[in-house]
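Asker: this one's sequence-less:
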């Protein structure tokens, strides 16, 4: 297994641990700052978990061989993966990834379930998975690139969470 797969996986698990810690504090989940984001801290975490669920589903398909022929990401996808940065306020989450507004208990259970699923991934199989599956904006992504997408996407939303929490002190 390549070191980058293990490191990315570890960083994502650590982010989920922080999310579970936050989910235990309903007052912090409710914090909101319209100048930073239309979503509260809890909604940010719910969105991250929705995306995690979708990415783990995609990784499972890739590891089962349910892939398309290898192809590179589109130019926007290549730039996104290279820079590792998402400009704030520029994109809109697809409806299925938008938060519905679940309570702290539901969020904690949802986070724990998806963390468990991520932890159950066979990283060796993930690293060796062939083919691609399409991202709706960035085009075809390999399993490694899907994990990179998740890492960059999570980092983007964690910066928003940090800013909301710091603004409401």
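Answerer: Good, I have the coordinates. Because the structure is a prediction, the values reported are computed rather than measured.
Asker: I'd like the average pLDDT over stretch 4-15.
Answerer: What stretch 4-15 shows for mean pLDDT is 92.
Asker: Give me the distance between that stretch and the centre of its chain.
Answerer: Relative to the mean C-alpha coordinate of its chain, stretch 4-15 is positioned 11 Å out (C-alpha atoms, centre = their mean, to the nearest Å).
Asker: Run through the residues that contact the residue most central in space within the chain.
Answerer: For the chain, the residue sitting closest to the mean C-alpha position, by C-alpha atoms, centre = their mean, is residue 150 at 4.0 Å. Residues near residue 150 by C-beta atoms under 8 Å, 6 or more residues apart in numbering: 8, 12, 51-52, 55. (C-beta placed from N, C-alpha, C; glycine too.)
Asker: If you rank those residues by neighbours, which is first?
Answerer: Within these, neighbour counts (other C-beta atoms under 10 Å) peak at residue 52, which reaches 24 neighbours.
Asker: Quick check, that residue in contact with residue 118.
Answerer: Yes - between residue 52 and residue 118 there is a contact under C-beta atoms under 8 Å: 6.6 Å.
Asker: Fine, thanks again, bye for now.
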